[in-house]
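**Q** Mind looking at a prediction? Sequence and model below.
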Amino acid sequence: MQFKTHAKTLAIALSLAVVAGCSSSGGTQEGNMDGTAGGASGQGMTTGQNTSGSGMNADQQRPSVNTIYFAFDSEEIRPEFESVLRGHAQYLMANTGTNVTLQGHADERGTREYNLGLGERRAQAVEQYLTVQGVSPSQISIVSYGEERPAVQGHSEQAYAQNRRVVFSY
């Protein structure tokens, strides 16, 4: 029975690795829900990597985009947010003493219990993506708020879309 659980976890991890390796590099680093660049030029994710080509360093800056968004009733990571997730993975791997809490959220549609579960599944999907990238699971914790902490009040599709999210809290 325990073997099946490990086999499923391994299958999911391998699937995510394949998807991450085969995915396009499209999308934005700003994390806008529609995949378009937002804000003034020069804003977005700051990686803090030096220009000498030596890669990551311990002083790497935390990515400025801390929220990724999900489709209705889905915990599938949207391709336009993979660059944001890779930035957080690089930051966490360069700063092994840093921990993050992934806060899963849902819009108000559905029961309270269902939305708590959906928020947790969304945060787990992000956790799985980060660990496949090489982040230590000990650096990550998960909490689901379901529909209890909306980012935007309202009953429109636009409000719902902004509430279906995972927030990185360092």
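**A** Nice, I can see it.
**Q** Run through this structure and note the low-pLDDT ranges.
**A** Where the chain drops to pLDDT under 70, the residues are 1-59.
**Q** can you map out the helices along this protein?
**A** Taking DSSP state H as the criterion, the chain carries its helices at 2-22, 82-94, 112-133, 157-163.
**Q** Show the contacting residues for residue 78.
**A** By Cβ atoms under 8 Å, 6 or more residues apart in numbering, residue 78 lies in contact with 27, 68, 69, 70, 71. In this view, the C-beta of every residue, glycine as well, is placed from N, C-alpha and C.
**Q** May I ask which of the residues you listed has the most neighbours?
**A** Each of the contacts of residue 78 was scored by neighbours using other Cβ atoms under 10 Å; the highest score is residue 70's, at 27 neighbours.
**Q** wait, it sits on residue 165?
**A** Yes. The criterion here is Cβ atoms under 8 Å, and residue 70 meets it with residue 165 at 6.7 Å.
**Q** anything in contact with each of the two?
**A** Residues touching both residue 70 and residue 165 (Cβ under 8 Å, 6+ apart): residue 122.
**Q** How many residues are close by residue 160?
**A** Residues lying near residue 160 (other Cβ under 10 Å) number 18.
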